[in-house]
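Asker: Need the 3D shape of this:
(2 chains)
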2 protein chains.
Amino acid sequence: MIQLPPLEANSGIPLYRQLYAGLRDAIQTGLLRQGDRIPPTRELAQLTGVNRATVAAAYDLLETEGLIRGHVGRGSFVLGNGAPRTREADLISFATSRPAEQLFPMHSFRATVNEVLNDPRLSSILQLGAPAGYAPLRRWLRESSGLATPGDEVLVTSGCQQALDLIQRALLAPGDTVLVEDPVYPGLKNVFERGRLRLVPMPVDAGHVDPAQVERAIATERPKLIVVTPDFQNPTGASMPVETRRRIALAAGQARVPIVEIDLYRDLRYEGDPLPTLKELAPGTDVLLLRSFSKIAFPGLRVGWVLGPQPLLARLTEAKQWADLHSDQLSQAILLRFAESGRLQQHLQQMIAAGRECLLAAMAGCERELPPGTRFTRPQGGMNLWVTLPAPLDATELLQAAEREGLTYLPGKHFQIEAPAGGQLRLSFAGLPAASISTGLAALGRAVRAELERLRLTAPSPDTAMV
Amino acid sequence: MIQLPPLEANSGIPLYRQLYAGLRDAIQTGLLRQGDRIPPTRELAQLTGVNRATVAAAYDLLETEGLIRGHVGRGSFVLGNGAPRTREADLISFATSRPAEQLFPMHSFRATVNEVLNDPRLSSILQLGAPAGYAPLRRWLRESSGLATPGDEVLVTSGCQQALDLIQRALLAPGDTVLVEDPVYPGLKNVFERGRLRLVPMPVDAGHVDPAQVERAIATERPKLIVVTPDFQNPTGASMPVETRRRIALAAGQARVPIVEIDLYRDLRYEGDPLPTLKELAPGTDVLLLRSFSKIAFPGLRVGWVLGPQPLLARLTEAKQWADLHSDQLSQAILLRFAESGRLQQHLQQMIAAGRECLLAAMAGCERELPPGTRFTRPQGGMNLWVTLPAPLDATELLQAAEREGLTYLPGKHFQIEAPAGGQLRLSFAGLPAASISTGLAALGRAVRAELERLRLTAPSPDTAMV
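Answerer: Sure thing, here's the model as predicted:
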């Protein structure tokens, strides 16, 4: 066994971090080599005099960084000196539409949890709950939404993803037609494809969907459901003009087709005035409004909700019960307290300020770094923008070169319903510091220019005979 | 508006409780009558000088007790003076298989949460996570189970209910045959019936299933899956003898049929020696072991898990991702800390001591209070026992009389796969104090005797001509 530096209890550096650093150094300096077995947590705990949880935490970090890998019953082994994986961890990732961890208001979060711990209802929060969700949260969501009409109910779901899954299971049957935006969030596309639904695309560009095309599709395709994301659509960032909202809501209502309105990003508006929801614009239409705390608070707490008419909600609630009985109640109580106490609003102000800065950095970076012929959307909020590379570039083929330059993203094919053109990609900017966005887009610019140059050199010479 | 008694900030009674009591008294003394509108939370908050959350908490309590009902956009109205609902709340409920809230170790829980709040990984716990679950929890579950073999993985699910749902969705297709215990947990029956599976019952009695019958069914029915609950089966409380476990595990392995082993109650053994799992008895058989913190800790935190071979787990994990991305991470981190710190073990000791007392009270009560001809199981652990009433009593028909006497339970039909005989019911005893169990069973005895007497009096007279 190799010698690790002694652990210092009072250094201010947590013991698991010290242990992690010692092992990482041993691997990186070659004292431990690929394939070497590292001791089981129990053994190292005894050797170092710390508890097993501390050793396990150090191993978790090493495993996360790709330095070791555990095999049940055989122990953990060194994978390598970490050079390639560390590099991967260094990539600037535009790949995930999620809030920045460094913005999480940890002080408010801790204060909120402590209030919940002192709530006289705590023991009932920890007991088995109701399928529709924690009653005080449901009440608050309904009252505070400003959007509930008589007869509306709230169902708490484990994030918006579960709401989509329950809708597919409870309201639709294989073969049913659904109008969906194209491109669209992969979690929606995947759930609906697994439910063997027939997806009819509504193409989205910078101006969002074409209302006339949607009206025609409602008339001719006989959809069972229409799914729209009016504000800062994922992946395009596009927002639907009020007139489009009104026309779709009315056309759906006349045809008695329910609308699923995905409303995750509305609170993250950095520019311009808020626009009404489809739900508000057509009171006679059945609208299921899908919201979540994931984009505006803490995505690790899985709390989203559906607001909509009781008869549809009853079917979703039954499906919810058999899917997982109910959502986690502690997180529901924490997020209720976070919202009720005003801390959520306070945090939102900071997210909006930071988000605006990220969005500006992303648009300026695209403008500055990407060659002529590139197009990109100019969202007024949310977390994503959509880039169309100059032909004949393909975003999937470009990805390797981009990762060599130091960034990663999701190619458009993950979002597209119809055969993808290939030249598109999503940049999720909200999880990154503005400086990283600029650095990342400079790297993307280099990758794009190099790839264009390579294609120019390898293109068939125009004077080759076409035989 | 009626006059409420003044609220006292330093009385030691929470303000929402004082407000609740004032309104309840006003309803019960007739100052507020059925159909009267009570003020919106905002208005009453202003009138009383407390914040809206306090008013909302008071309204929640009133609504829970059936005294008021809120209508979105119209306000809340008095439903009645609560006489019938208060009575329902007073029922001794044997209806739910869950731990007793009064046993929750609130002090340890708060200490655990505080440790998680100080964990340097907290912000990453609050960020979006991995579909398979929080890595440190998965590692701990695998290492501490003592049951993982090389190639086994862990998937964290939102309780055991979700594990059953994912298994149905990812591993089975409509029309597939599954062998299930009869009677069985309704959450399993319901999920599998919704998945349009063909359920072949394995009858359970006090000695659990008949291994010879199961072996024959494996050979003749060509099942795609076998689901068993070897320890303290829900609803019967029956435990499977070792020899039955071994024979089923071997027969399944030889026929290459995976086993789902529901292992929720094993830790709650009050008498006798622990028995090995099917997973241990047949290393060559694919076994998915389903476990959960719900029965041994806090059911409001939705954390269960599946331990099993990687290829099956990979399919479940993919289904999990599209169902809800991943389970709540804060609860995963809290339960990990609760377990790692030794507090779970400590709590389990108390649950076992209390559970033994409840079980003894339940068996003694059945013995003492129920008339000759009644049969009931004698479990060695868990939360449930199964009663067969003397013919011709029907448990569903008896329920109204039982509720008039002061108790409630679930009739056997909710658990039965084949056409139910009607005379059976489940008594879930673990959520109740021993004294309530005795009182409840005395009440059941009265209801049973009265019903038998009524049936005797209304039975067709034997000398009526049968024409």
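Asker: any idea which residue sits dead centre in chain A?
Answerer: Computing the C-alpha centroid of chain A and ranking residues by CA atoms, centre = their mean puts residue A:97 first, at 3.7 Å.
Asker: so what's that residue up against?
Answerer: A:234-235, A:295, A:383-384, A:426, A:428, A:430-431 (CB atoms under 8 Å, 6 or more residues apart in numbering or on different chains). Backbone N, C-alpha and C define where each C-beta goes, glycine included.
Asker: Give me the angle between whichever strand or helix holds residue A:161 and helix B:159-171.
Answerer: Here residue A:161 sits within helix A:159-171, counting by DSSP states H and E. Per axes from the mean of the first three to the mean of the last three CA atoms, to 10 degrees, the angle that helix A:159-171 makes with helix B:159-171 is 60 degrees.
Asker: Next, see if helix A:159-171 gets close to chain B.
Answerer: Yes - under the criterion of CB under 8 Å from any CB of the partner chain, chain B is reached by helix A:159-171 at A:159, A:161-162, A:165.
Asker: circling back: which of the contacts of residue A:97 lies closest to chain B?
Answerer: The closest of those to chain B turns out to be residue A:431 (CB to the nearest CB; 8.9 Å).
Asker: Count the residues that sit near residue A:341.
Answerer: Neighbour count for residue A:341, taken as other CB atoms under 10 Å in any protein chain shown: 16.
Asker: Name whatever forms a beta bridge with residue A:292.
Answerer: In this structure, residue A:292 bridges to residue A:304 when assessed by DSSP bridges.
Asker: From chain B, how far out is it?
Answerer: In this view, residue A:292 and chain B are 11 Å apart by CB to the nearest CB, to the nearest Å.
Asker: Ok, residue A:247 next?
Answerer: From residue A:247 over to chain B the distance is 26 Å, taken as CB to the nearest CB.
Asker: Settle this for me: that residue is touching residue A:209, isn't it.
Answerer: No - between residue A:247 and residue A:209 there is no contact under CB atoms under 8 Å: 10.1 Å.
Asker: Please say which of these two ends up with more neighbours.
Answerer: It is residue A:209, of residue A:247 and residue A:209, that has more neighbours when counted by other CB under 10 Å, with 24 against 19.
Asker: pLDDT score for the more buried one?
Answerer: Note on residue A:209: pLDDT of 98.
Asker: what does residue A:140 give?
Answerer: Residue A:140 is given a pLDDT of 95.
Asker: residues near it, how many?
Answerer: Look at residue A:140: counted by other CB under 10 Å, it has 21 neighbours.
Asker: before we move on, what about residue A:79?
Answerer: 19.
Asker: so how far is chain B from the closest residue to residue A:370 other than its chain neighbours?
Answerer: Spatial nearest neighbour of residue A:370, chain neighbours left out: residue A:445 (5.7 Å); criterion: CB to CB, 6 or more residues apart in numbering or on different chains. Residue A:445 is 28 Å from chain B, where distance means CB to the nearest CB.
Asker: count of residues packed around residue A:445?
Answerer: 18.
Asker: Most widely separated two among the contacts of residue A:97?
Answerer: Using CB to CB, those span at most 15.2 Å, a distance reached by A:295 and A:426.
Asker: Which one's more surrounded, these two?
Answerer: It is residue A:426, of residue A:295 and residue A:426, that has more neighbours when counted by other CB under 10 Å, with 27 against 23.
Asker: what's the helix or strand for the more buried one?
Answerer: Assessed by DSSP H and E, residue A:426 sits inside strand A:424-428.
Asker: looking just at contacts, which helices and strands does the helix or strand following that strand meet?
Answerer: Following strand A:424-428 in sequence order, the next helix or strand is helix A:434-458 (DSSP H and E). With contacts taken as 3 or more CB pairs under 8 Å, 6 or more residues apart in numbering or on different chains; DSSP states H and E, helix A:434-458 sits against strand A:92-93, helix A:343-369, helix A:395-405, strand A:407-408.
Asker: can I get the ones you listed in TSV with distance to residue A:6?
Answerer: Below are the helices and strands packed on helix A:434-458 laid out as TSV (distance: least, CB to CB, whole Å):
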stretch	distance to residue A:6
strand A:92-93	36
helix A:343-369	41
helix A:395-405	39
strand A:407-408	39
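Asker: Mean neighbour count, distance to residue A:78 and mean pLDDT added to these, as JSON lines?
Answerer: Listed next are the helices and strands packed on helix A:434-458 as JSON lines, based on neighbours: other CB atoms under 10 Å in any protein chain shown; distance: least, CB to CB, whole Å; pLDDT from 0 to 100:
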{"stretch": "strand A:92-93", "mean neighbour count": "20", "distance to residue A:78": "26", "mean pLDDT": "96"}
{"stretch": "helix A:343-369", "mean neighbour count": "18", "distance to residue A:78": "38", "mean pLDDT": "97"}
{"stretch": "helix A:395-405", "mean neighbour count": "18", "distance to residue A:78": "24", "mean pLDDT": "95"}
{"stretch": "strand A:407-408", "mean neighbour count": "21", "distance to residue A:78": "26", "mean pLDDT": "96"}
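Asker: Let's have these in JSON lines, adding distance to chain B.
Answerer: What follows is these, written out as JSON lines (distance: least, CB to the nearest CB, whole Å):
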{"stretch": "strand A:92-93", "distance to chain B": "12"}
{"stretch": "helix A:343-369", "distance to chain B": "12"}
{"stretch": "helix A:395-405", "distance to chain B": "21"}
{"stretch": "strand A:407-408", "distance to chain B": "16"}
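Asker: Of these, which is nearest residue B:145?
Answerer: strand A:92-93 (33.9 Å).
Asker: quick one: strands adjacent to that closest one?
Answerer: Going by DSSP bridges, the partners of strand A:92-93 are strand A:407-408 (parallel).
Asker: hmm, who's touching stretch A:107-117?
Answerer: In contact with stretch A:107-117 (CB under 8 Å, 6+ apart) are residues A:122, A:125, A:298, A:330, A:333-334, A:337-338, A:341, A:343, A:346-347, B:110, B:113-114, B:117, B:122, B:126.
Asker: repeat that with 10 Å
Answerer: For stretch A:107-117, contacts defined as CB atoms under 10 Å, 6 or more residues apart in numbering or on different chains pick out A:105, A:122, A:125, A:297-298, A:301, A:330-344, A:346-347, B:106, B:109-111, B:113-114, B:116-118, B:122-123, B:126, B:330, B:334.
Asker: which stretches of the stretch 101-250 of chain A form helices?
Answerer: Remark: helices assigned in the stretch 101-250 of chain A by DSSP state H, counting those that start in this stretch are A:106-117, A:122-126, A:135-145, A:159-171, A:186-194, A:211-221, A:242-254.
Asker: got the angle between the fourth one and helix A:186-194?
Answerer: The one in question is helix A:159-171. 20 degrees.
Asker: Next one: the closest residue to residue A:105 other than its chain neighbours from residue A:338, what distance?
Answerer: Sequence neighbours aside, residue A:347 is the residue nearest to residue A:105 in space, at 4.9 Å (criterion: CB to CB, 6+ apart). Using CB to CB, to the nearest Å, residue A:347 is found at 8 Å from residue A:338.
Asker: Overlap in contacts, these two.
Answerer: Contact criterion CB under 10 Å, 6+ apart; residues bridging residue A:347 and residue A:338 by contacting each: A:105, A:108-109, A:297-298.
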